[in-house]
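Q: coordinates only, no sequence provided:
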C-alpha cells in the first residue's frame, strides 16, 4: 500500500517525505536520518507535492532528506493514489503509446475543423484552466494520429489487475467490488487493447479516456450506501443521493436517438467524446476473460454436433472457424473441451519481433517480407483439437493464447495444416492448431482439397471475425498483407471497404461450395452473414424474413431453444482473489445442479445440467481462469437462484472468505434484443423491438442489483442491438439473499415470458412451470391459431 510514516525536512520545513522508500534510496547514507519523535501517515501523492488533498503534517518532525533524489510519481502509484482523483499537481509524465503491447486500430472519424475543436474542447473540460494550455497540443496530436483522444499521459503506472477486495480504499463493499471488476476489464492479460481502454471486440470500451477512469475510481472510493454513481457513455456524471436499496451504479452506453445511430455518426460522436461503444460486458464492467465465450462455444459445438451430425462424441469431427482475439480466442480451447477437430484462422504478417526471435530460437528461420514462416509448431499435452484459422492476431495475442495453454500448435503453412488435419481426423487425435493466415485462404484451400481429392475435410463451420466492425479493423481483406491493409485503412478507407466486401464475397463462395457437399455452417452472431449480404455475397434464403439467411444463426438453430428453457451464461467472481474460494463455489454449483436433477427435471433441462456439471468438473484441468477468479456456467432460473443462495450462505458461514459478485453475459435469455442474434428465433415480428432488454435493465435496478447497464451495440454492431447487464454483490447477509432471489428470478422469467408470447413451445412450458412454483407470477399466455385456413379465408374478404 502507498501509505507510509513520514517526517519533514528540517532544512526547509516544507515538503513531507516518505521515509520508507527514501531509506532504501539512501544506499548507506541512512546515518543522516533522524527519526522524528512524532509520526503521521501520508499518501505518496502528498509526498510528491500533490496539493489535491492536503493532509496536516506536524512541523515538529526534524528530518533532513534534502540530499536525496526525487521519487517519480510513476513508481509510487497505488490503489490509494488512483482513488485520489486526477493527478494534476504535478502532471504525470506523458509517455504516449507504450511499445510492446497491442493497440487499437487508428480511427477515421472524418471530423470537420470545427468538430475537431469541439472534440478538443470536450476533452479539456476535465481539467482546470491552468493545465489546459499544456494538454491541448498533445490531445490535438492524439486526435490527429489516432482519431480519438485517449489521454495517454494519464495511463496509470500500476499493475492493472483484480486486487483482493479488501485492498480497495472504499467506504462500501459494493464500491470495492465495482473497482475490482473495472480493473479486471483493463488487465493486460484480459483486455485486447489495454491502453485504449478496449476490453474485447476491437472497440469494446470500458471508458472513453483515462480521465474518466481516474474520476470513476475517486467517486467509488467516496461513495456511501446513500449514493448512486451515474455513468453516461464512459463519463461519470457524478454521485447522486439515493438510498440503500437502490443500485450503487447506473450505466448507459451509446443511447443515441435511433435516426442517428449509424456507424458514421458513431465514429464522429466517439471522437467528440460524447458517446461510447461498450460492447456487452466491456462497458458494464462484467467481463471475465475468454472463459465466458469458451463455455458458450463448448455448448454451441456440442449441440451443433447433436443437431447436425447426430453425434454425442465429436472426436475426429472437424470444426473450422476464425479468430483468436479477445472473444474469439476461446474457440481453440472450446473445441478441445468438446473433443472435436476445429480450424481457427488469425491474420497478421509476422515482423522481425519477439515472436520471430522465439521461433528462431527453436530452429525456425524468419520469413522474408510479405511471406510467412514456413512452419511454426508448438505442442502441448492438451486433449482436444481445434485448428484455428487466425484472422489478424499480432504476435502478443498469439503468444498469449499459447502461453495460456489454449493453443497447442501454430502453423502458417496450409500444407502442414491439411496434413495435420487429415492425421487427427483419421486417428481421432485431439489437437488445437492455429493457422496464421487469412481465413479466406483456408476456406479456399479446403475447396481445393474437395475438388482434387473428392474429400470433404470439414464437418462444422462458423466465423468469429469482428464483422460488427468490418471497415475499421474488424475484418481484413484476403487480397492484402496485414501491414498493407492497416496502411490502406488509414489512407484510403473507401478502397479498404471495397476490398473487404470483395473478400467477404470470396469467403462466402468457398463456404457455399463446402456446404453444398454436406458441411454445416452457422453464423456466430458477429454480423458475418449480415455484412456478407450487404457486400453482395450469396447468402440469401428464398421466402425468408429479414432476420433469416441461407445459414442459420447459432441462436436460431442451437442456442435459441436453450434460452427459451431459461438457460444462459450465469457467472460469478470471487473477490478474495483466492483460488480456494473459486473451488468452493464450483463445488457448491455442482451440488446444486445434481440436487436439482435428483428432485426431477425435464429431459431437456437434465441434458443442460449434465453438460454444465461436466464443464465445472473439468474447469480446473483446462486452466480457464484468466484475470479474476471467476466461473461461468449456463443455468436456468431455478439453478441461478439456488446457486446464489448457497454461495451467500457459504460466505455467511466463513467457508468463502470475501463477497462474491454475481453477473451474466448480456447475451442471455432476457438481456439482449438483437434480431440477427439473441432474438433471431423470435418470429412474431417483434425481433426488432427492444422492450425486453430495456424492461430487464429497469426491473433489475429496483429488484436489488448492485449495478445495472444498458447499451446500444454489442456483438453484431452499433445500431443493431440493445442489451443490458447487471452486477449483484453477495456479502453473506440476509438482505443479499433476498435481493438475489427477487432479481435473478425476474432476470430470467422476463425473457422466457417474452419468448413464450412469441410462440416458442419450450418457453411456454418453462414459464408455466415457473408460475406453478411461484403463485405471485402471472404471465399472459398466447393462444395458438390452430386452423391456418382461417387466416387465408379472412384475407379474402
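A: The structure has been received and is ready for your questions. Quick caveat: nothing in here was measured; it's all calculated off a predicted structure.
Q: which residues touch stretch 686-700?
A: 546-547, 670-673, 675, 679-680, 708-710, 722-724, 726, 743, 746-747, 750-751, 754, 758 (CB atoms under 8 Å, 6 or more residues apart in numbering). From N, CA and C alone the C-beta is placed, and that goes for glycine too.
Q: could you rerun that using 6 Å?
A: Contact with stretch 686-700 is made by 547, 670-673, 675, 679, 708, 710, 722-724, 726, 743, 746-747, 750, 754, as judged by CB atoms under 6 Å, 6 or more residues apart in numbering.
Q: mark which of those are buried, thanks.
A: Of the members of those, the ones counted as buried by neighbours, 16 or more other CB atoms under 10 Å, are 547, 670-673, 675, 679, 708, 710, 722-724, 726, 743, 746-747, 750, 754.
Q: in strands, which of these appear?
A: 672, 673, 708, 710, 722, 723, 724, 726 (DSSP state E).
Q: and which of those is nearest to residue 87?
A: Of all those, residue 87 sits closest to residue 708, with 30.3 Å by CB to CB.
Q: thought the closest one was touching residue 247?
A: Yes - with contacts defined as CB atoms under 6 Å, residue 708 counts as touching residue 247 at a distance of 5.5 Å.
Q: mind listing the shared neighbours of the two?
A: Any residue near both residue 708 and residue 247 by CB under 6 Å, 6+ apart counts here, and that gives residue 701.
Q: sorry, back to before: of the ones in strands among the buried ones among the contacts of stretch 686-700, just say which sits nearest to residue 164.
A: Lowest distance from residue 164 to these (CB to CB) belongs to residue 726, with 22.8 Å.
Q: quick one: contacts for the closest one?
A: With contacts taken as CB under 6 Å, 6+ apart, residue 726 has the following neighbours: 700, 705, 708.
Q: any idea of the mean pLDDT in the helix or strand hosting residue 484?
A: With the criterion set as DSSP states H and E, the secondary-structure element containing residue 484 is helix 482-491. Predicted confidence along helix 482-491 averages 86 (mean pLDDT).
Q: can you give me how far it is from the chain middle?
A: The gap between where helix 482-491 is centred and where its chain is centred comes out at 26 Å by CA atoms, centre = their mean, to the nearest Å.
Q: and for the following helix or strand past it, what's in contact with it?
A: Toward the C-terminal end, the helix or strand that comes next after helix 482-491 (DSSP H and E) is helix 493-516. Applying CB under 6 Å, 6+ apart, the set of residues contacting helix 493-516 from outside is 108, 440, 443-444, 447, 470-471, 475, 477-479, 488-489, 521, 532, 535, 537, 539.
Q: check which residues of helix 493-516 are buried.
A: Judged by neighbour count using 16+ other CB under 10 Å, the buried positions of helix 493-516 are 496-497, 499-508, 510-515.
Q: and stretch 471-490, by the same measure?
A: Neighbour-count burial for stretch 471-490, with 16+ other CB under 10 Å as criterion, is recorded at 471-478, 480-482, 485-486, 488-490.
Q: of these, closest to residue 636?
A: Of all the buried residues of stretch 471-490, residue 474 has the smallest distance to residue 636: 33.2 Å, by CB to CB.
Q: what's the closest non-adjacent residue to the closest one?
A: With sequence-adjacent residues excluded and distances taken as CB to CB, 6 or more residues apart in numbering, residue 474 is closest to residue 466, at 3.1 Å.
Q: thought that neighbour was touching residue 202?
A: Yes - at 4.6 Å, residue 466 and residue 202 qualify as touching, with contact defined as CB under 6 Å.
Q: what touches both of those two?
A: Contacts common to residue 466 and residue 202, judged by CB under 6 Å, 6+ apart, are residue 474.
Q: so which of these two has more stuff around it?
A: In this view residue 466 and residue 202 are compared by other CB atoms under 10 Å, and residue 466 has more residues nearby, 28 against 24.
Q: backbone dihedrals for that one, please?
A: Reported as degrees, to the nearest 10, the phi and psi values for residue 466 are phi -80, psi 70.
Q: quick one: pLDDT of it?
A: Residue 466 carries a pLDDT score of 80 in this model.
Q: ok, it - contacts?
A: Here residue 466 is in contact with 201, 202, 474 (criterion: CB under 6 Å, 6+ apart).
Q: the second one: what secondary structure?
A: Using DSSP: H, G, I helix; E, B strand; the rest coil, the structure places residue 202 in coil.
Q: per-residue pLDDT, it?
A: 85.
Q: surely residue 203 meets residue 277?
A: Yes - with contact defined as CB under 6 Å, residue 203 counts as touching residue 277 (5.1 Å).
Q: tell me where the model's unsure across the chain.
A: Judged by pLDDT under 70, the chain has its weakly predicted residues at 1-77, 325-329, 347-402, 404.
Q: so residue 336: helix, strand or coil?
A: Taking three-state DSSP, the label given to residue 336 is helix.
Q: hang on, it packs against residue 432?
A: Yes - in terms of CB under 6 Å, residue 336 counts as a neighbour of residue 432; the distance is 5.3 Å.
Q: higher neighbour count, the two?
A: residue 432 (31 against 25).
Q: could the ones in strands among the buried ones among the contacts of stretch 686-700 be laid out in a markdown table, adding distance to residue 416?
A: Supplementary listing: those in a markdown table, determined by distance: CB to CB, whole Å:
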| residue | distance to residue 416 |
| --- | --- |
| 672 | 40 |
| 673 | 44 |
| 708 | 49 |
| 710 | 47 |
| 722 | 44 |
| 723 | 40 |
| 724 | 45 |
| 726 | 46 |
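Q: doesn't residue 632 lie inside a strand?
A: Yes - if the criterion is three-state DSSP, then residue 632 is within a strand.
Q: which two in the buried residues of stretch 471-490 are spaced the farthest apart?
A: Comparing every pair within the buried residues of stretch 471-490 by CB to CB identifies 478 and 490 as the most remote, at 19.4 Å.
Q: quick check: residue 682 vs residue 553, distance?
A: Using CB to CB, to the nearest Å, residue 682 is found at 12 Å from residue 553.
Q: just the ones in helices from the contacts of helix 493-516, please.
A: Assignment to helices by DSSP state H places the following of those there: 440, 443, 444, 447, 488, 489, 532.
Q: state the distance from residue 478 to residue 437.
A: Computed as CB to CB, the residue 478 to residue 437 distance reads 9 Å.
Q: kindly apply the preceding question to residue 652 instead.
A: 53 Å.
Q: comparing the two, which residue is more hemmed in?
A: Per other CB under 10 Å, whichever of residue 652 and residue 437 has more neighbours is residue 437, with 24 against 16.
Q: show the end-to-end separation of stretch 103-123, please.
A: Counting by CA to CA, to the nearest Å, you get 21 Å between the two ends of stretch 103-123.
Q: distance from that stretch to the middle of the chain?
A: In terms of CA atoms, centre = their mean, the centre of stretch 103-123 is found 25 Å from the chain centre.
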